[in-house]
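Enquirer: coordinates only, sequence not included:
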């Protein structure tokens, strides 16, 4: 019997969490060899998700647990998930509280895990966008979450849709870096450290989750900040994993090249290909700047929230 733990970190998004629990209750049934439990990890010091979980547990098709993790931070709550799963499960599955999985999501993650014997599996994260959403945000999302062939072994990962073998993570001594609690990129570093320890990550092309993307997160300003954070996270990963001069010099050269190309293309693209292309160039400039800032030791605290 394989014990599966679905862990959902949450922070003051009770309405989204309710929608997520509804979609989880409609997952495609699994073979009898699997037992599934869901744990909600409430990272709000006020425990705002407690009533939503307690009000759902009685009619939920899986065992549903609430855990209060008052010490705030992305890495802190994910490390709690790892520790919890080590005690209760063989496989840990994570997704975010603003996502809605398709019915076959979990069965597809497990299918690919079995077929590939990979240490971790990731799946597509698609944005829920209105029909009139600008082209640039669709292009940005395609770059942020690239697609791969089903079962393909990949060189990156994200916790917004993932499965990990719990004992393998423990044996490898892997955890999420708490210095990135409010910076983000903790998942990228985690999966790259797994690869550095000869781990493997496979891609489940049909294990799709849909991310709720409100208007505030679809603005150019918000995505510029996200692009900067992406570049910053890459550089911070390199500082930890490729701390030699040569490795960091390559990242610095990439950052400078991305900024230079983006700046050179900005006006021509605006004139000949329109706003969407020009906006994408500005995102590349921000990404390159984030890389250089990260190499200089600047950690962009993109997720620091007020209590």
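Expert: Yep, it's here. Predicted model, so just to flag it, every value in this text is computed and none were measured.

Enquirer: Number of residues surrounding residue 65?
Expert: 16 (other C-beta atoms under 10 Å). Every C-beta, even on glycine, is put in place using the N, C-alpha and C of the backbone.

Enquirer: Buried ones in the strand or helix carrying residue 227, by neighbour count?
Expert: Here residue 227, judged by DSSP states H and E, is contained in helix 220-241. Going by neighbour count (16 or more other C-beta atoms under 10 Å), the buried part of helix 220-241 is 223-224, 226-239.

Enquirer: what does that helix contact?
Expert: 136-137, 140, 144, 177, 180, 183-185, 188-189, 192-193, 196, 216-217, 247-248, 251, 255, 258, 279, 282-284, 286-295, 297-300, 302 (C-beta atoms under 8 Å, 6 or more residues apart in numbering).

Enquirer: Surely residue 175 is in contact with residue 82?
Expert: Yes. The criterion here is C-beta atoms under 8 Å, and residue 175 meets it with residue 82 at 6.5 Å.

Enquirer: can you confirm residue 9 is in a strand?
Expert: Yes. Using DSSP: H, G, I helix; E, B strand; the rest coil, the assignment for residue 9 is a strand.

Enquirer: so it sits right up against residue 95, yeah?
Expert: No. Using C-beta under 8 Å, residue 9 is not in contact with residue 95; the gap is 9.2 Å.

Enquirer: low pLDDT regions in the stretch 201-307 of the chain?
Expert: Applying pLDDT under 70 to the stretch 201-307 of the chain flags the ranges 243-247, 266-275, 305-307.

Enquirer: mind listing the strands for it?
Expert: For the stretch 201-307 of the chain, strands defined by DSSP state E, counting those that start in this stretch occupy the ranges 201-203, 209-212.

Enquirer: Ok, the stretch 51-200 of the chain next?
Expert: Counting by DSSP E, counting those that start in this stretch, the strands of the stretch 51-200 of the chain are 63-68, 91-95, 99-101, 120-122, 125-128, 161-165.
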